[in-house]
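Engineer: Prediction below, plus the sequence it came from.
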There are 2 protein chains.
Amino acid sequence: MSPTNDRPIGVFDSGMGGLTVMRALRARLPHERFIYLGDTARLPYGTKSADTVSRYAVQCARALAAHDVKLLVVACNTASAVALPALGAALAPTPVIGVVEAGAEAAVAAAPNGRIAVIATEGTVKGGAYPRAIHTSAPKARVVQQACPLFVALAEEGIGDGEIAELVVRRYLNPLFATHGKPDCLLLGCTHYPVLAKAIARVAGAGVIIVDSAQTTAAATARLLSERGLDRTSASIAAPIFLVTDAPERFARVGEIFLGAKIDPGAVQLVDL
Amino acid sequence: MSPTNDRPIGVFDSGMGGLTVMRALRARLPHERFIYLGDTARLPYGTKSADTVSRYAVQCARALAAHDVKLLVVACNTASAVALPALGAALAPTPVIGVVEAGAEAAVAAAPNGRIAVIATEGTVKGGAYPRAIHTSAPKARVVQQACPLFVALAEEGIGDGEIAELVVRRYLNPLFATHGKPDCLLLGCTHYPVLAKAIARVAGAGVIIVDSAQTTAAATARLLSERGLDRTSASIAAPIFLVTDAPERFARVGEIFLGAKIDPGAVQLVDL
């Protein structure tokens, strides 16, 4: 057993989108150790039922718990939206942080007069976790939602900007803006979406604040570590470990788009859940 | 146990794309009974490793065998490409037909002087099953391949034609044509791709014959039934049964794009594999 504060932070996602959260975490907490699990055999979670997502998420969390993590970051919006209570119960007393609460908080902070548009996968939109989390701290916020299923496929093809990206962004956002007007804040409720941030910002226009939850999740993680006295004190930098349930080679190759850094294929291990 | 020839034909796919094959089968064999299994909890297969696909496919085939099928049609290109031997062994003596052989045959018939381009998922392209199947009957055929990962997402969004569809088709086909020249035959090696057939045909141009394997799979199935004396003799029309591993409501709604007919949500059953 490692000394308490030297244990790694576990980060979990259905695939590689969560690497945008891992990127923010590493930038904010460069001396922490990280272990990332991508459930690539069973992605995408966004089109699956709440029961299935919850069952898969708990399996993933247990696999990370076996690596003695001191805290679990649920970087998958779909899993955060439907499985957070189950994950908290399965890992207790290890604390669990989900991207949904962090993203909702940032959106409320960005739009105090409360017109917030959430874009996310079908599963996250249907689950309604973002409107619920936003209304907890801002009961009068006017929240609208839009599923953008093609964004994930575009991001994984590395099509983050250009003619195709912009046309697809317009296809989803223009009808939303036409019906509800432009929001004060547009919340990217899927970890893949930051890859399309430029095209999204251009279509949204200058008056709309874009919030993605990766940054605020990193801030919430830093706060919790400090509160619980769990900050890693060693100054040595540890290379992250990656676990995937399928196709490690593809994860290393495509994952770089999301992590913004090279992934050593040798650091990606195949696990069976 | 039903009388031998009254038993249903099982059709299996990773999701709903195989409904394009089911559509061709029902048109060709209107008096047969059909039971379709879509492994929607674990789709897509196209990005998964051969071992994982093979394991999942055998589980699906066994679930259909429990419904006493007289023949199994593997409508999933990825599973046909990597799991056909395992499926044949698991279901013996029930015959198994895969879309790959049928598609390869049709491509060879369409392009006797043998310049064939295969477009498919990453997994199918990597597995190389189409070039292998084509070279079995036409050893001198010149075969090139191109993965088109965005086509599946477009088809499932119902974006079969228009500006976005055509731009995405050009993105994949133009570099292929620029490098290898235009083929005599373009083989649609994924069951989702017929949804994009119009845009594909326009980009390919009039000189290129488009082959999709659904039609030839239906013809091969009719031939095999007749050879084995398995044709259903009852003239009554039986409604198809659908089994899915997740999200039956979405299957019924989006599946209509592929089946070309209404799907009664009450006829879609959730199964656990």
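Structural biologist: In hand now; what should we look at?

Engineer: Quick check: closest non-adjacent residue to the residue in the stretch 101-250 of chain A positioned nearest to chain B.
Structural biologist: In the stretch 101-250 of chain A, the residue that lies nearest chain B is residue A:153 (3.6 Å; C-beta to the nearest C-beta). (C-beta placed from N, C-alpha, C; glycine too.) Residue nearest to residue A:153 in three dimensions, not counting chain neighbours: residue B:153, with 3.6 Å by C-beta to C-beta, 6 or more residues apart in numbering or on different chains.

Engineer: Run through the residues of the stretch 1-150 of chain A sitting next to chain B.
Structural biologist: Counting by C-beta under 8 Å from any C-beta of the partner chain, the stretch 1-150 of chain A comes close to chain B at A:40-42, A:47-49, A:52, A:122, A:149-150.

Engineer: Secondary structure and neighbour count for those - can I get that in CSV?
Structural biologist: Compiled in CSV, these are given as follows (DSSP: H, G, I helix; E, B strand; the rest coil; neighbours: other C-beta atoms under 10 Å in any protein chain shown):
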residue, secondary structure, neighbour count
A:40, coil, 26
A:41, coil, 23
A:42, coil, 22
A:47, coil, 25
A:48, coil, 28
A:49, coil, 20
A:52, helix, 22
A:122, helix, 17
A:149, coil, 18
A:150, helix, 24
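
Engineer: Now flag whichever of those is closest to residue B:180.
Structural biologist: Among those, residue A:150 lies closest to residue B:180 (C-beta to C-beta), at 28.1 Å.

Engineer: Pick the one among the residues of the stretch 1-150 of chain A next to chain B closest to residue A:233.
Structural biologist: Nearest to residue A:233, judged by C-beta to C-beta, of the residues of the stretch 1-150 of chain A next to chain B is residue A:40 at 33.5 Å.

Engineer: which residues does the residue positioned nearest the centre of chain A contact?
Structural biologist: Closest to where the C-alpha atoms of chain A average out (C-alpha atoms, centre = their mean) is residue A:75, at 3.5 Å. Going by C-beta atoms under 8 Å, 6 or more residues apart in numbering or on different chains, residue A:75 touches A:11-13, A:17-22, A:99, A:191, A:217.

Engineer: With residue A:183 instead?
Structural biologist: Residues near residue A:183 by C-beta under 8 Å, 6+ apart: A:111, A:115-117, A:144, A:208.

Engineer: 6 Å instead, please
Structural biologist: A:115-117 (C-beta atoms under 6 Å, 6 or more residues apart in numbering or on different chains).

Engineer: cool, and residue A:158?
Structural biologist: Contacts of residue A:158 by C-beta under 6 Å, 6+ apart are residue A:257.

Engineer: how far away is residue A:68 from residue A:25?
Structural biologist: 18 Å (C-beta to C-beta, to the nearest Å).

Engineer: And the two? Which one has more around it.
Structural biologist: Using other C-beta atoms under 10 Å in any protein chain shown as the criterion, residue A:68 and residue A:25 rank with residue A:25 on top: 26 against 15.

Engineer: my guess is that one contacts residue A:219, does it?
Structural biologist: No. Using C-beta atoms under 6 Å, residue A:25 is not in contact with residue A:219; the gap is 9.9 Å.

Engineer: A strand includes residue A:87, no?
Structural biologist: No. In this structure, residue A:87 is helix, not part of a strand, as judged by DSSP: H, G, I helix; E, B strand; the rest coil.

Engineer: Do I have it right that it meets residue A:96?
Structural biologist: Yes. Look at residue A:87 against residue A:96 with C-beta under 6 Å: they come within range, at 5.1 Å.

Engineer: Can you tell me which of the contacts of residue A:75 is nearest chain B?
Structural biologist: When these are compared against chain B (criterion: C-beta to the nearest C-beta), the nearest one is residue A:17, at 13.8 Å.
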